[in-house]
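S.K.: this one's structure only:
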């Protein structure tokens, strides 16, 4: 518990010192990095080996690669192979002559701790630096940051690369540099963690459609700033060709490609059930059922598919009555933070002139809200990345909305 106590004390102290201007603005990014690192180490440095199920399987994969070399088809562990686990970490461990587990416990958190600092750079282009600092701290203190992502080595690095991709999007560099760097970061994200790579391309595609749609509203002040250009669609095309036609169909024995195809087939079945209500044959169900099934059986499949996974159910408050008093209090705090995010989104909608949000960031907010909507209403969407990790990724754009929600309440109280 010592490291946990130190991380909590350091986080609280950092917030107080920044709020009282003891820590100057030029040190905000570094302060955020240290807060993030101590929170991650409070999880990863527990015990002698790695902490968590996913990271334990990744460690086993890295140790196998150290002994026998990396087989990118996932001969040892189909679901956990990646360039990071099978090649980069073993090479790093060999070069520095350290056990692979300490690469996971000590050095990967040092990489992932950069993510909130990168987000701070993005946030401060949209809101003032103090609000950007608070938004980054909010991103860190969400339990999923250290307790879940800190226990998945691939996610720690992939999310950092994803943040770098968005940082490039919002940076003031030429279009060709944006194209090159965003493509590089997108492909590195893909090779590091294929499902995070899928979420990155999902965000980019949704952002394109949002930007193209909102371009119709020519009187909207946000569109006086720079909007979507040709390089985002180019990145998407390169990513799709390289990913699905190349890496996804080969790596891990094609498990990612097959999963995406299977999900698409299952959505087709469920759409026919809920919308068309027609009798489905083996031609429409394909590999899912393999033969003609009675519609009653498919109805049962549909109902089970619509049942939310336990984490989503908890997020929606289904376990509130059964939880302890401490659990109820904690859930109330969680619900309040999410309520503030919703308030912040509505506040931005009507008060956007008070801030400096770019059109691309607004599109990112819309993409994040769509992801959260899909988690709740689209069956099996969370089979790629679970509900908590989807929520954590959404905070790449929604964390400032939490601060705007507080800003809204403060302004209303001042008016009173």
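M.R.: Done, it's in. The model shown is predicted, which means the values in this text are computed figures rather than measured ones.
S.K.: All the helices of the stretch 101-250 of the chain, residue numbers only.
M.R.: 108-112, 114-123, 129-141, 143-147, 153-170, 175-192, 194-214, 231-242, 248-250 (DSSP state H, counting those that start in this stretch).
S.K.: Turn those helices into JSON lines, columns for mean neighbour count.
M.R.: For every residue, glycine as well, the C-beta is placed using N, CA and C. Formatted as JSON lines, the helices of the stretch 101-250 of the chain follow (neighbours: other C-beta atoms under 10 Å):
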{"stretch": "helix 108-112", "mean neighbour count": "21"}
{"stretch": "helix 114-123", "mean neighbour count": "23"}
{"stretch": "helix 129-141", "mean neighbour count": "22"}
{"stretch": "helix 143-147", "mean neighbour count": "18"}
{"stretch": "helix 153-170", "mean neighbour count": "24"}
{"stretch": "helix 175-192", "mean neighbour count": "19"}
{"stretch": "helix 194-214", "mean neighbour count": "20"}
{"stretch": "helix 231-242", "mean neighbour count": "16"}
{"stretch": "helix 248-250", "mean neighbour count": "16"}
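S.K.: Show me the one of those helices that comes nearest residue 358.
M.R.: Nearest to residue 358, of all these, is helix 153-170, at 6.9 Å by C-beta to C-beta.
S.K.: Any idea which of the helices of the stretch 101-250 of the chain gets closest to residue 390?
M.R.: The closest of the helices of the stretch 101-250 of the chain to residue 390 is helix 194-214. By C-beta to C-beta, the value is 7.7 Å.
S.K.: Please give the element, helix or strand, for the residue nearest to residue 372 when sequence neighbours are not counted.
M.R.: In space, and not counting its chain neighbours, residue 372 is closest to residue 394: 5.6 Å by C-beta to C-beta, 6 or more residues apart in numbering. Assigned by DSSP states H and E, residue 394 belongs to helix 387-415.
S.K.: The residue nearest to residue 372: what's it in contact with?
M.R.: 368-369, 371-372 (C-beta atoms under 8 Å, 6 or more residues apart in numbering).
S.K.: What distance do you get for residue 4 to residue 55?
M.R.: Remark: distance between residue 4 and residue 55 (C-beta to C-beta, to the nearest Å) = 18 Å.
S.K.: Counting neighbours, go ahead and name the busier of those two.
M.R.: residue 55 (25 against 16; other C-beta atoms under 10 Å).
S.K.: Helix, strand, or coil at that one?
M.R.: Recorded secondary structure, residue 55: helix (DSSP: H, G, I helix; E, B strand; the rest coil).
S.K.: How about the contacts made by it?
M.R.: Applying C-beta under 8 Å, 6+ apart to residue 55 gives the contacts 104, 151-153.
S.K.: can you list these in JSON lines and add pLDDT and distance to residue 188?
M.R.: As requested, these are exported to JSON lines (pLDDT from 0 to 100; distance: C-beta to C-beta, whole Å):
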{"residue": "104", "pLDDT": "94", "distance to residue 188": "18"}
{"residue": "151", "pLDDT": "91", "distance to residue 188": "21"}
{"residue": "152", "pLDDT": "92", "distance to residue 188": "17"}
{"residue": "153", "pLDDT": "92", "distance to residue 188": "15"}
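S.K.: What about those, which one has the most neighbours?
M.R.: Sorting those by how many neighbours each has (other C-beta under 10 Å) puts residue 153 first, at 36 neighbours.
S.K.: wait, isn't that residue in contact with residue 108?
M.R.: Yes: under the criterion of C-beta atoms under 8 Å, residue 153 makes contact with residue 108 at 5.3 Å.
S.K.: Now distance to residue 49 too, for the helices of the stretch 101-250 of the chain, in a markdown table please.
M.R.: A markdown table is the format used below for these (distance: least, C-beta to C-beta, whole Å):
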| stretch | distance to residue 49 |
| --- | --- |
| helix 108-112 | 14 |
| helix 114-123 | 24 |
| helix 129-141 | 25 |
| helix 143-147 | 17 |
| helix 153-170 | 13 |
| helix 175-192 | 22 |
| helix 194-214 | 24 |
| helix 231-242 | 35 |
| helix 248-250 | 31 |
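S.K.: if we compare those, which one ends up closest to residue 344?
M.R.: Of those, nearest to residue 344 by C-beta to C-beta is helix 129-141, at 9.9 Å.
S.K.: what's around residue 20, how many residues?
M.R.: Close neighbours of residue 20, defined as other C-beta under 10 Å, add up to 8.
S.K.: for the stretch 251-400 of the chain, what spans make up the helices?
M.R.: Assigned by DSSP H, counting those that start in this stretch, the helices in the stretch 251-400 of the chain fall at 255-271, 282-285, 295-306, 310-315, 325-351, 359-377, 387-415.
S.K.: Taking helix 129-141 as reference, get the angle to the last one.
M.R.: In terms of direction (axes from the mean of the first three to the mean of the last three C-alpha atoms, to 10 degrees), helix 387-415 departs from helix 129-141 by 140 degrees.
S.K.: Just the angle for helix 387-415 relative to helix 325-351, thanks.
M.R.: 70 degrees.
S.K.: Now helix 387-415: buried residues?
M.R.: Residues 387-408 are the ones in helix 387-415 that count as buried (16 or more other C-beta atoms under 10 Å).
S.K.: now swap in stretch 338-358 and tell me
M.R.: 338, 340-341, 343-345, 347-348, 355, 357-358.
S.K.: could you give me the average pLDDT of it?
M.R.: Averaged over stretch 338-358, pLDDT sits at 89.
S.K.: Surely residue 156 touches residue 145?
M.R.: No: in this structure, residue 156 is not within contact of residue 145 by C-beta under 8 Å, at 10.1 Å.
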